[in-house]
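> Sequence first, predicted coordinates after that:
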Amino acid sequence: MRALGWLAAVLLLTGPACGTMDRVDAGDAFALDSAGDAGRDVRDDSVDASADIVDAAANDTIDSPTADTVEAATDAGTLDTRDVASSDAVDVTTSDVRADTPGDAPTEAAIDVVVDSRTDVGADTSTDAATDTIAPIDGGVSPTVFVLRVGDGTAALTNASTAIFLEEHRVSDGSLVGTPIAMPVAMSGTNRPLTLSGTATSEGGLSLSGDGRFLVVGGYASAPGMASIAGTTSAAVNRVIGRVDRAGGVNTSSLLDAAYSGNNIRGATTNDGSVLWATGTASSAGGVYSIALGTTGGTQVAAMPSNLRHVGIFEGQLYASASSSPNFGIVQIGTGLPTIAGATGTLLSGFPVASGPSSYGFAGFRRGMGTGIDTLYVADDRAPSATGGGVQRWQLMAGTWTLTATFFDSLTAGVRSLAAYVDGANVVVVASTAETPQRLIAYTDTGTVAPVARVLATAAANAAYRGVALAPR
């Protein structure tokens, strides 16, 4: 991708990834000239004057190399007075790229700039070119990922409910960013505790929302220390879904009172933070559940497959991973984002039905001109090999998903969770391993040479790494 003036264009995922958003590439870029003249702004899509640049505070100054300053009074073609005071400007070092509401212009892929403590990239919800992409950046320094850590390091992990934390690491060097976010361990207002089993490795599937604004994780509404937490009934110990925003704000008020009774809740996701989906297993209360934020109950939208692992939204479609007959790989859940009972889980064509992958976390991309994902990176925790454990790359070829590569450099066991993003012509995949102790590693997929692993972090004693997701924007 080419530079966007003082901002680089890159791809936003999830396991996370694009969700329902449009993807933006250099074709939708705009740049400001040194005079801040709207007449010389560069944009390939037609743009009107509405909602193009937003500033959260007055009198910020642009820190770009050319010291550009943008003001509503002098650049009316770029600024909207509904969003910016006449003396406002934009500081590139603390700016966000956020979602724009469609409707400014029929062909516009609008990008709003808002001031925040970090550089964020979000989704444009307008319809745009089929090849557009959006990518994450962190603070103008390096992309970052969050990894879910189980345990505080003070005591050995057991099957009891255990405190969990979200650690943020830079992909460039693995350095820790800020203080880990602690999930609640006690009731506070409408928030409930959110803990996980210390030894259930299938739990803790962390995801990035479809619009890129939230991290989501499922767990148990129990304080730490409850023995055999996964075996509790959902009536006695509700399963809970936690939503975390970029500022570290935690919401654990969404309670499943029947789902996954007597068994694990494993993954959770959302598209825009208002409706949440969860995956797990149970004899009659497994599969996929949907619940509105802040409510108690939940709807079993897909009863089969009943045994599912991680879950994610890519290109507006809900997917889950599975590894039990007859589903070994990635399963499409209904059409779009189902919220009522009756959705069907369908294994993607090409993944085996008899035996094969032990799939956990995954990330989907639309790299071509189609309407859905055509590339998948899937975590597999089997012994590392070219067709076994590691980071698998699957590609859609003539309507069939085909395993085209497996990355397993430096692994002594497979991987269980991953996040991925596009970096120029390459894809960077960050994964948590199934080793002991678990490691956070990164591979750069060039499409030609087998990538070498970079170790970003290693779990400390009496702690374990589980889910991985790109940082919210």
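Cool, the structure landed. Numbering: from 1, shown residues only.

> mind listing the strands for the stretch 301-450 of the chain?
According to DSSP state E, counting those that start in this stretch, the stretch 301-450 of the chain carries its strands in the segments 311-314, 317-324, 327-333, 345-347, 359-365, 375-380, 390-397, 400-407, 415-423, 426-433, 439-445.

> Which stretch among the ones you listed approaches residue 196 most closely?
Between residue 196 and the strands of the stretch 301-450 of the chain, the tightest spacing by C-beta to C-beta is seen for strand 415-423, at 13.1 Å. For every residue, glycine as well, the C-beta is placed using N, CA and C.

> Give the pairing partners of the closest one; include direction for each.
Taking DSSP bridges as the criterion, strand 415-423 sits next to strand 426-433 (antiparallel) in its sheet.

> Residues touching the partner strand, excluding its own?
Outside of strand 426-433, the residues within contact range by C-beta atoms under 8 Å, 6 or more residues apart in numbering are 143, 145, 147, 171, 361, 363, 365, 375, 377, 379, 391, 407, 411, 413-422, 438-447, 456, 465-468.

> which of those count as buried?
By neighbour count, with 16 or more other C-beta atoms under 10 Å, the contacts of strand 426-433 hold 143, 145, 147, 171, 361, 363, 365, 375, 377, 379, 391, 407, 411, 413-422, 438-445, 456, 465-468 as buried.

> how's this protein carved up into domains?
Listed by automatic domain parsing, the domain ranges of the chain are 1-135, 144-356+447-470.

> where among those is the average confidence lowest?
Of all the domains of the chain, mean pLDDT reaches its minimum on domain 1-135 (a mean of 33).

> Name the residues of stretch 428-436 that come out as buried.
For stretch 428-436, the neighbour count (16+ other C-beta under 10 Å) marks 428, 429, 430, 431, 432, 433, 434, 435 as buried.

> quick revisit: between the strands of the stretch 301-450 of the chain, which one is nearest to residue 301?
Between residue 301 and those, the shortest gap by C-beta to C-beta is with strand 327-333, which sits at 7.4 Å.

> Does anything pack onto the closest one? Which helices or strands?
Applying 3 or more C-beta pairs under 8 Å, 6 or more residues apart in numbering; DSSP states H and E, one finds that strand 327-333 makes contact with strand 317-324, strand 345-347, strand 359-365, strand 375-380.

> For residue 332, find the nearest of those.
Comparing those against residue 332 with C-beta to C-beta, the closest turns out to be strand 345-347 (5.0 Å).

> Return the distance of the closest one from the chain's centre.
Computed by C-alpha atoms, centre = their mean, to the nearest Å, the separation of strand 345-347 from the middle of its chain amounts to 22 Å.

> Please apply the same query to stretch 343-359.
Averaging C-alpha positions (C-alpha atoms, centre = their mean) puts stretch 343-359 22 Å from its chain's average.

> Could you export the buried residues of stretch 428-436 to CSV, including columns for distance to residue 237 and pLDDT?
Converted to CSV, the buried residues of stretch 428-436 look like this (distance: C-beta to C-beta, whole Å; pLDDT from 0 to 100):
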residue, distance to residue 237, pLDDT
428, 38, 98
429, 35, 98
430, 32, 98
431, 30, 98
432, 26, 98
433, 30, 98
434, 27, 98
435, 30, 98
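
> how about the strands of the stretch 301-450 of the chain, which one is nearest residue 163?
Distances from residue 163 to each of these were compared using C-beta to C-beta; the minimum, 17.9 Å, belongs to strand 426-433.

> Bridged to the most centrally placed residue in the chain, which residues?
In the chain, the C-alpha closest to the average C-alpha coordinate belongs to residue 208, at a distance of 2.2 Å (C-alpha atoms, centre = their mean). The partner list for residue 208 in beta bridges (DSSP bridges) reads residue 215.
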